[in-house]
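1. This is a predicted model, with the sequence first.
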Amino acid sequence: MRTDGASRPGVIPSQGLRALIASGVIAASPAVLPAQIQPASIDLRLGRRAWRVRASFLPGARRVEDRLAEFAMHEIDLADGAVLETGCAYVVELAERLRLPGDVAGAANAKSSTGRLDLLTRLVTDNATAFDVVEPGYEGPLYAQISPCTFSVLVRPGITLSQLRLRHGDPRLDDAGLGALHASDPLVDGEPVIDAGLGFSVDLRGGRAREGPLGWRARRHSGLIDLSRLAAYDPLEFWEPVRPFDGPGDGRSGGGVILDPGAFYILVSREAVAVPPHTAAEMVPYMAVAGEFRVHYAGFFDPGFGHRSTGGSGSRGVLEVRCHEAPFALEHGQTVGRLVYEQMVEVPDLLYGRDIGSNYQGQSLRLSKHFRPLP
């Protein structure tokens, strides 16, 4: 794959990521594993060294290592496992490092299971002035800043909490391009709401085909979660079902939930969405300054998510919701976010739901993969 500026704007797919590994653009110790390669991203692994820091920070015009001399309280060896405690901030050196060409930049997101545990994880590089952004031509190490907000977690080297996609130029589809894409390959069941992305709303009535709770609210002061253990925990020990109230709504409503300040919720979108194989999508806030809550901590959808070509028929977006200072009445059908679609440089040779393990294909309301399914 060319990296001399001649490539059209787009996200580099799985086969391109392998080429970048082979050429040394992406390097790691230990070497990158095939399982880390996703359709439009590479999973980033925790290394062995971590630091408990007194505050989260951005390095600015300095190296992360230099700023650690100011902020680190003590160093932690993750080799035998270590607990990251709720309410604390940590910096962890990642196993991967980059040597990007001048026409390639990066963007990171927490993985789905990371967000569903309220585990705030952000990528930071040397000289960074923003989280989760890798500037074109960056050469150097990668770090994760991690703040467990609800559950304390046990981590070890090799665990993956975030994913990095690399791209040429600005791959985002504008509203006209998004409308044309939906006309040729429907992105959502029903009429789309397109305004700086594809709008989506919250389902607080249980959906057409879903039984059970409207959502889940995290229990405070729960037990420790070992991130290497899958389907290991009873969800009712860590979560409680969300109970509705009867609200007037907006004609589509008929109920909702009152979000408590500081509480963390798992809810689900009313719409079932699809991501065609030649695109990827990122969930972003609808109106970041207009509400009393934040939706999503992990919001990246791979090519093939919910798409008919990979066995999907639309998949709901799981919403990680945290309320801010005041209680907030969230009603069924209320718009809470939007999906920004990005074009791929080319169709990946791996697709979500067809070629890789797909924990959330065809999902509705779903906790992270660390919890056992309810009977």
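-> Everything's here; your move.

2. Name the residues of stretch 213-230 that are buried.
-> Of the residues in stretch 213-230, those scored as buried under the neighbour-count criterion (16 or more other CB atoms under 10 Å) are 213-219, 225-227. Bear in mind the C-beta positions are built from the backbone N, C-alpha and C, glycine included.

3. what does it rub up against?
-> With contact meaning CB atoms under 8 Å, 6 or more residues apart in numbering, stretch 213-230 is reached by 81, 83, 117-118, 150-156, 159, 161, 203-206, 232-233, 235, 237-244, 257, 260, 263-268, 365, 367, 369-370.

4. can you check stretch 171-191 too?
-> For stretch 171-191, the surrounding residues in contact (CB under 8 Å, 6+ apart) are 9-11, 192, 194-198, 200, 271-276, 279, 314, 339-344.

5. Name only those of those residues that count as buried.
-> Judged by neighbour count, with buriedness set by 16+ other CB under 10 Å, the buried members of the contacts of stretch 171-191 are 10-11, 192, 194, 197-198, 200, 271-276, 279, 314, 339-344.

6. which phi and psi does the residue nearest to residue 372 when sequence neighbours are not counted have?
-> Using CB to CB, 6 or more residues apart in numbering and skipping residues adjacent in sequence, the residue nearest residue 372 is residue 231, 5.2 Å away. Residue 231 adopts backbone torsions of phi 50, psi 40, taken as degrees, to the nearest 10.

7. going forward, begin numbering at 42 instead of 1
-> Shifting the count to begin at 42 puts that one at residue 272.

8. shouldn't residue 272 be in contact with residue 409?
-> No. With contact defined as CB atoms under 8 Å, residue 272 does not count as touching residue 409 (10.1 Å).

9. Show me which of the two is the more surrounded one.
-> Of the pair residue 272 and residue 409, residue 409 is the one with more neighbours under other CB atoms under 10 Å, namely 27 against 9.

10. Could I get the pLDDT score of the residue nearest to residue 303 when sequence neighbours are not counted?
-> The shortest distance from residue 303 to any residue that is not its chain neighbour, by CB to CB, 6+ apart, is 6.9 Å, and that residue is residue 364. Taken from the predicted model, the pLDDT recorded for residue 364 is 83.

11. and the buried residues of stretch 254-271 as TSV, adding distance to residue 217, pLDDT and secondary structure?
-> Formatted as TSV, the entries for these read as follows, by distance: CB to CB, whole Å; pLDDT from 0 to 100; DSSP: H, G, I helix; E, B strand; the rest coil:
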residue	distance to residue 217	pLDDT	secondary structure
254	39	81	coil
255	36	85	coil
256	35	90	coil
257	38	94	strand
258	40	95	strand
259	40	96	strand
260	46	94	coil
266	44	97	strand
267	47	98	strand
268	42	97	coil
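
12. can you give me the helices for this protein?
-> Taking DSSP state H as the criterion, the chain carries its helices at 55-63, 105-112, 153-156, 216-225.

13. most packed of these?
-> The highest mean neighbour count among the helices of the chain belongs to helix 153-156 (a mean of 23), with neighbours defined as mean count of other CB atoms under 10 Å.

14. looking at the helices of the chain, which has the lowest confidence?
-> When these are compared on mean pLDDT, helix 153-156 scores lowest, with a mean of 89.

15. just the CA coordinates of it, formatted as PDB?
-> Listed next in PDB are the C-alpha coordinates belonging to helix 153-156 (Å, rounded to 0.1, in the frame of the first residue of the first chain):
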ATOM      1  CA  SER A 153     -16.300  -2.200  23.200                       C
ATOM      2  CA  SER A 154     -15.800  -4.300  26.300                       C
ATOM      3  CA  THR A 155     -13.600  -1.600  27.800                       C
ATOM      4  CA  GLY A 156     -16.400   1.000  27.500                       C
END
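
16. any idea how far it is from the chain center?
-> Averaging C-alpha positions (CA atoms, centre = their mean, to the nearest Å) puts helix 153-156 6 Å from its chain's average.

17. So which elements touch that helix?
-> Applying 3 or more CB pairs under 8 Å, 6 or more residues apart in numbering; DSSP states H and E, one finds that helix 153-156 makes contact with no other helix or strand.

18. Separate out the buried members of the contacts of stretch 254-271.
-> Applying the neighbour count, that is 16+ other CB under 10 Å, the buried entries in the contacts of stretch 254-271 are 158-159, 191-197, 200, 202, 244-247, 274, 276, 279-280, 283, 285, 298, 304-309, 406, 408, 411.

19. Quick one: low-confidence residue ranges for the protein.
-> In the predicted model, the chain carries pLDDT under 70 at residues 42-48, 247-252, 286-296, 326-334, 337-339, 353, 395-405, 416.

20. so residue 335 makes contact with residue 365?
-> Yes. Under the criterion of CB under 8 Å, residue 335 makes contact with residue 365 at 7.1 Å.

21. quick one on the thing from earlier: so the residue nearest to residue 303 sits right up against residue 336, yeah?
-> No. Under the criterion of CB under 8 Å, residue 364 is not in contact with residue 336, lying 10.5 Å apart.

22. Have a look at these two and say which one is more surrounded.
-> In this comparison of residue 364 against residue 336, neighbours counted by other CB under 10 Å, the higher total goes to residue 336 at 24 against 20.

23. Can you tell me who that one pairs with across the strands?
-> The bridge-partner assignment for residue 336, based on DSSP bridges, gives residue 362.
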